[in-house]
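A.B. asks: structure, please.
(2 chains)
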Amino acid sequence: MIKLRNVSKIYPNGARALSNISLEIAKGEFVFLVGQSGAGKSTLIKLLYREEVATRGQVYINNANLIRLKPHQVPLVRRNIGVIFQDFKLLPTKTVFENVAFAQHVIGKNKKESKASTENMLELVGLGRKKNAFPSELSGGEQQRVCVARALVNHPSLLVADEPTGNLDMETAWGIMELLNHINKLGTTVVMATHAMQIVKQMNKRVVRVEEGKIAEDTAEGAYKFGF
Amino acid sequence: MAFDSAKYVLGQSLISLKRNIWLSVASILTVMISLTLLGSSLLFLANTSHIAKTFESQLEIAVFLNDKLNADQIIAIQNNIQNRDGVAAVTFTSKDQAIINFQESLGSKSLLEDLGGVNPFPNKLTVTATDARQVQNIASQVLGIAGVDKVRYGEGILEKLIVFTGWLRWIGIGVVAAFSFASFLLITLNIKTNLNFREKEIQIMRLVGASNSVIRWPFLLEGLIIGLFGAGLAVILVGTGYSWLLQYIVATLAFMPVVADQMFLMLVLFIMILSGMIMGALASVFSIRKFLEF
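C.D. replies: Numbering: from 1, shown residues only, chains lettered A, B, ... in the order given. Just a heads-up that it's a prediction; the model follows:
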């Protein structure tokens, strides 16, 4: 599913974000990326949805080599990857329904097709009754649910999440984690960068710890020991 | 599928124009002001050059010929002058015609008789130049031709007129340049405001896998619509403003040679509409270009 080989990322300003990282994630896995701020988690996440391109090494998603993609192929790869963020990134001038349907319209699905799948997805994330609300009328947790719905509406095989619970209180965060877990059980691979160790501990999934741009620890499901 | 996409793109453009109504209004006003400036400065330039040209076209060189020349010699001199660089036209006025013209201008019917049958007018060639600055040069060349007695070209006035019309043209060009720059600044400012509003939207479109053309089209269309509305308002302003000004000038400053050609005015207004749409579309494309690099 995901294969990183000897990947390094150096930003144009000279900052070295990742050094010679190799990582494999199988289809259907749920993986946490942990580590301190600035360790390179977000850069790693960005390499996965091709927001950044590795300076050295190879990045494969579903056998597609992201380093060698031609610009017009990037949108096609992205359609198979859902992304959610700490700051939601919803369009404030669109309703909940439109925010989710938008993701389908821009890839060419017609209104009829998108209406049914948008409604299904909003039901899945528990927002069926708020589809006509604008993001500003929703709580943080609800906004993140809209993001999850948007990320999943095109049925991607991979969901990457960069601190999705960072702006939420614990209870709301758990709601989101249950949702992600549910989606993972339906077959979607999930890679999530987080600081919330409480969540990592309780979820008991595979944990990859990034430190100073390198993988410091890669622990199989259920084996992660807490102590930093 | 293609129809659905087109409908979607148009729908998105209209919804976005409506939801960002104040931004849309600000953009339309920006285009309107820019094009009003551009249109007015074009008309100003056209009029200043027209005035300069009219004044300059009235400059003529009068070449008085020796009375002893026969018809063939006169034709030879006429051809000689006609073939020189910078000469636009040479017309011949015979001494017989000259006295008739003069007689008519005096309202007399018996001038030749009154003068005792002697016609004091010489044969004359009237030379016009393609460029007023050539007049002096042509005049001195013509004076050197055998059979030419005297050359007159408005010495003294000519030099001052050329300086004046030169200034008039530069002022016209200066006004167009200054107003174009002002328009450019206004539009740039507007694009920057637009960008701040739109950055997030484009970012999300890219994130969910929209191709560049899908991202570009609604913006392009929105730009076109804004440009069209802005240009429409500017055309109304400039069109009615200029017509009013023309009427005023014709009524009060009749000697002023203004451009009153309807076709020309239509052309300027058409250029404004076209520039408005191009400006709007280009502004949109340029403003999102940097977000479309993968």
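
A.B. asks: how close does residue B:122 get to residue B:74?
C.D. replies: 11 Å (C-beta to C-beta, to the nearest Å). Where you see a C-beta, it was placed from the backbone N, CA and C, and this is true even at glycine.

A.B. asks: show me the strands in chain B, by range?
C.D. replies: B:61-65, B:87-93, B:124-129, B:148-152 (DSSP state E).

A.B. asks: list of residues touching the first one?
C.D. replies: Right, the one you point to is strand B:61-65. Contact with strand B:61-65 is made by B:74, B:77, B:81, B:122-129, B:135, B:138-139, B:142, B:147-153, as judged by C-beta atoms under 8 Å, 6 or more residues apart in numbering or on different chains.

A.B. asks: could you rerun that using 7 Å?
C.D. replies: Under the contact criterion C-beta atoms under 7 Å, 6 or more residues apart in numbering or on different chains, strand B:61-65 has outside partners B:74, B:77, B:122-127, B:135, B:138-139, B:142, B:147-153.

A.B. asks: cool, the longest one as well?
C.D. replies: For strand B:87-93, the surrounding residues in contact (C-beta under 7 Å, 6+ apart) are B:74, B:78, B:81-82, B:124-130, B:138.

A.B. asks: what residues does chain A put near chain B?
C.D. replies: A:71, A:74-76, A:78-79, A:83, A:89, A:91, A:93, A:103, A:105-108, A:110, A:150 (C-beta under 7 Å from any C-beta of the partner chain).

A.B. asks: redo that, cut-off 8 Å
C.D. replies: A:49-50, A:69, A:71-72, A:74-80, A:83, A:89-91, A:93, A:102-103, A:105-108, A:110-111, A:150, A:154 (C-beta under 8 Å from any C-beta of the partner chain).

A.B. asks: list the buried residues in stretch A:151-159.
C.D. replies: Using 16 or more other C-beta atoms under 10 Å in any protein chain shown as the test for burial, stretch A:151-159 gives A:151-154, A:156, A:158-159.

A.B. asks: what residue lies at the spatial centre of chain B?
C.D. replies: residue B:46 (3.2 Å; C-alpha atoms, centre = their mean).

A.B. asks: what's the nearest residue to it if we skip its chain neighbours?
C.D. replies: residue B:259 (5.0 Å; C-beta to C-beta, 6 or more residues apart in numbering or on different chains).

A.B. asks: got the contact list for the one you found?
C.D. replies: B:43, B:46-47, B:50, B:265 are the contacts of residue B:259 under C-beta under 8 Å, 6+ apart.

A.B. asks: now restrict those to buried residues only.
C.D. replies: Using 16+ other C-beta under 10 Å, the buried ones in the contacts of residue B:259 are B:43, B:46-47, B:50, B:265.

A.B. asks: next, give me the two most distant ones among those residues.
C.D. replies: Spatially, the most separated pair among these is B:50 and B:265, at 12.7 Å (C-beta to C-beta).

A.B. asks: any regions of the stretch 1-150 of chain B where pLDDT drops low?
C.D. replies: By pLDDT under 70, the low-scoring segments of the stretch 1-150 of chain B are B:1-5.

A.B. asks: how about the helices of it, start to end?
C.D. replies: B:2-19, B:21-57, B:71-82, B:95-106, B:111-114, B:135-143 (DSSP state H, counting those that start in this stretch).

A.B. asks: deepest of those helices, which one?
C.D. replies: helix B:21-57 (a mean of 20; mean count of other C-beta atoms under 10 Å in any protein chain shown).

A.B. asks: so that one versus helix B:2-19, what angle?
C.D. replies: Interaxial angle, helix B:21-57 versus helix B:2-19 (axes from the mean of the first three to the mean of the last three C-alpha atoms, to 10 degrees): 90 degrees.

A.B. asks: chain center to helix B:21-57, what's the gap?
C.D. replies: 11 Å (C-alpha atoms, centre = their mean, to the nearest Å).

A.B. asks: likewise for stretch A:39-54?
C.D. replies: The answer for stretch A:39-54 is 11 Å, by C-alpha atoms, centre = their mean.

A.B. asks: residues touching the closest residue to residue B:133 other than its chain neighbours, list them.
C.D. replies: Setting aside the residues directly before and after it, residue B:133 is nearest to residue B:162 in space (C-beta to C-beta, 6+ apart), at 5.8 Å. The contact partners of residue B:162, by C-beta under 8 Å, 6+ apart, come to B:56, B:132-133.

A.B. asks: now, which of these sits nearest residue A:55?
C.D. replies: Nearest member of those to residue A:55, counting by C-beta to C-beta, is residue B:133, at 63.8 Å.

A.B. asks: how about the helices in chain A?
C.D. replies: Taking DSSP state H, the helices of chain A run over residues A:41-48, A:74-78, A:96-105, A:111-124, A:140-152, A:170-185, A:197-203.

A.B. asks: count of residues packed around residue 197?
C.D. replies: You didn't pick a chain, so chain A it is. Residue A:197 has 14 neighbouring residues, counting by other C-beta atoms under 10 Å in any protein chain shown.

A.B. asks: looking at chain B here, not the other one
C.D. replies: Around residue B:197 there are 13 other residues, counting by other C-beta under 10 Å.

A.B. asks: quick one: contacts for it?
C.D. replies: B:20, B:23.

A.B. asks: how close does it sit to residue B:188?
C.D. replies: 15 Å.

A.B. asks: can you check residue B:201 too?
C.D. replies: 20 Å.

A.B. asks: now do residue A:135
C.D. replies: Distance from residue A:135 to residue B:188, by C-beta to C-beta: 30 Å.

A.B. asks: higher neighbour count, these two?
C.D. replies: residue A:135 (19 against 14).

A.B. asks: pLDDT score assigned to that one?
C.D. replies: At residue A:135, the pLDDT value in this model is 94.

A.B. asks: from memory it sits against residue A:96, does it?
C.D. replies: Yes - using C-beta atoms under 8 Å, residue A:135 makes contact with residue A:96 at a distance of 7.3 Å.

A.B. asks: shared neighbours, those two?
C.D. replies: The contact lists of residue A:135 and residue A:96 share residue A:146, where a contact means C-beta under 8 Å, 6+ apart.

A.B. asks: shouldn't residue B:233 be in contact with residue B:32?
C.D. replies: Yes - using C-beta under 8 Å, residue B:233 makes contact with residue B:32 at a distance of 4.3 Å.

A.B. asks: next up, the contacts around residue A:11.
C.D. replies: Counting by C-beta under 8 Å, 6+ apart, residue A:11 makes contact with residue A:17.

A.B. asks: ok, now how distant is it from residue A:57?
C.D. replies: From residue A:11 over to residue A:57 (counting by C-beta to C-beta), the distance is 15 Å.

A.B. asks: and residue B:249, by the same measure?
C.D. replies: Residue B:249 is 74 Å from residue A:57, by C-beta to C-beta.

A.B. asks: the most centrally placed residue in chain A pairs with what?
C.D. replies: Nearest residue to the geometric centre of chain A (C-alpha atoms, centre = their mean): residue A:160, 1.7 Å. On the basis of DSSP bridges, residue A:160 is bridged to residue A:83, residue A:191.

A.B. asks: picking that back up, distance to residue B:226 added to the contacts of residue B:259, as JSON lines?
C.D. replies: Output for the contacts of residue B:259, formatted as JSON lines (distance: C-beta to C-beta, whole Å):
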{"residue": "B:43", "distance to residue B:226": "24"}
{"residue": "B:46", "distance to residue B:226": "27"}
{"residue": "B:47", "distance to residue B:226": "30"}
{"residue": "B:50", "distance to residue B:226": "33"}
{"residue": "B:265", "distance to residue B:226": "24"}
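
A.B. asks: so where is chain A shaky, pLDDT-wise?
C.D. replies: For chain A, counting by pLDDT under 70, the residues that fall below are A:226-228.

A.B. asks: looking at it, which residue lies furthest from center?
C.D. replies: Max distance from the centre of chain A (C-alpha atoms, centre = their mean): residue A:112, 27.4 Å.

A.B. asks: hmm, back to that, out of the contacts of residue B:162, the closest to chain A would be?
C.D. replies: residue B:133 (55.6 Å; C-beta to the nearest C-beta).
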